[in-house]
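Q: here is my input; please provide its structure:
(one chain, ligands or ions: 2)
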Amino acid sequence: MPQQTETIEEPRLVAAAALVAERVAFEVETEIPTAHGRFRFRAYRDLVTGDEHLAIVSLAPVVQGALVRVHSECLTGEVFSSEKCECGPQLDAALERIADGGVVVYLRGHEGRGIGLVAKLKAYRLQQSGLDTLDANLALGLPADDREYVAAAAILGDLGLHSVRLLTNNPDKIAQLTGHGIEVVERVPLVTGAAPANLAYLRAKRDRMGHLIPADT
Ligand SMILES: Nc1nc2c(ncn2[C@@H]2O[C@H](COP(=O)(O)OP(=O)(O)OP(=O)(O)O)[C@@H](O)[C@H]2O)c(=O)[nH]1
Ligand SMILES: [Zn+2]
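A: Ligands and ions are numbered 1, 2, ... in the order given. As a prediction, this is how the structure comes out:
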């Protein structure tokens with residue numbers, strides 16, 4: 001019986017290893033104490049985009065089905081506590097929650113849903129004159145969401161994870177990771193950081209972009 005299991009899993013493992021090799025290069029691991037506990041910070045170079053991504057891994061063992069957050073970089077929300085989005089509180093909450101055995105994959109190059117910092121600030125400026133988060137991107141001639149998650153799947157593959165409980169409200173993240181060989185056994189909602197300044201943003205994500213955000217937000 002154990003032999004049979006190995007035979008079934010082998011193609012998946014081979015595919016995961018190939019994805020890792022073609023997409024990311026592991027560079028370094030070091031432990032860092034944070035306000036949310038001590039974590040292993042593992043840095044990867046993205047072989048396609050050149051971005052430097054991170055896997056922030058709990059010291060507690062990470063097993064199949066572990067809690068995972070795949071998080072898009074957001075300078076304004078995470079460094080400057082901008083209340084135009086809820087990225088800062090989401091990242092803090094994710095680190096708290098994975099401390100018992102899980103991973104945050106922090107994706108650089110995802111700033112502004114993949115359009116970059118300057119374009120995001122241009123989009124914010126348009127939002128000041130009334131456009132919502134989606135139409136502001138489109139008015140700039142840019143996609144509503146330009147993110148892809150191959151690198152995240154490759155990093156999870158490097159950690160030996162092919163089955164995860166994913167902290168997200170974004171169905172596209174689940175669909176893309178699944179398409180790249182990561183089985184999402186459960187979606188764990190991550191609703192936090194709502195503030196008067198980001199209510200319209202949360203509602204636009206829910207009503208126009210399909211995010212699974214509670215109706216009473
Ligand atoms: N273009 C643009 N990007 C934004 C805006 N507000 C936040 N972002 C970016 O959106 C990204 C986060 O994506 P979200 O759609 O908020 O959330 P998500 O990660 O897809 O979904 P969750 O997993 O549920 O958190 C970050 O890179 C932010 O910089 C905005 O108004 N316009
Ligand atoms: Zn943000």
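Q: which residue is the nearest non-sequential neighbour of Arg165?
A: Glu186 (4.3 Å; Cβ to Cβ, 6 or more residues apart in numbering). In this view, the C-beta of every residue, glycine as well, is placed from N, C-alpha and C.
Q: again, but for Asn170
A: That would be His211: by Cβ to Cβ, 6+ apart, it lies 5.4 Å from Asn170.
Q: do His53 as well
A: Once flanking residues are discounted, His53 sits nearest to Tyr44: 4.8 Å by Cβ to Cβ, 6+ apart.
Q: how close does the one you found get to Asp207?
A: The gap separating Tyr44 from Asp207 is 35 Å, by Cβ to Cβ, to the nearest Å.
Q: the more surrounded of the two?
A: A count of neighbours by other Cβ atoms under 10 Å puts Tyr44 above the other of Tyr44 and Asp207, at 23 against 13.
Q: what about the more buried one, which SS state?
A: Secondary structure assignment for Tyr44 (DSSP: H, G, I helix; E, B strand; the rest coil): strand.
Q: these two touch, right, it and Gly157?
A: No: under the contact definition of Cβ atoms under 8 Å, Tyr44 does not touch Gly157, with a separation of 11.1 Å.
Q: tell me the pLDDT at the residue nearest to His53?
A: We have a pLDDT of 98 for Tyr44.
Q: show me what contacts it?
A: By Cβ atoms under 8 Å, 6 or more residues apart in numbering, the contact set of Tyr44 is Val24, Ala25, Phe26, Glu27, Glu52, His53, Leu54, Ala55, Ala151, Ala154, Ile155, Asp158.
Q: mind listing what the first one touches?
A: The neighbourhood of Val24, defined by Cβ under 8 Å, 6+ apart, consists of Tyr44, Arg45, Asp46, Leu47, His53, Ala151, Ala154, Ile155, Asp158.
Q: how far off centre is the helix or strand hosting Tyr201?
A: According to DSSP states H and E, Tyr201 maps onto helix 199-209. Chain-centre distance of helix 199-209: 18 Å, with Cα atoms, centre = their mean, to the nearest Å.
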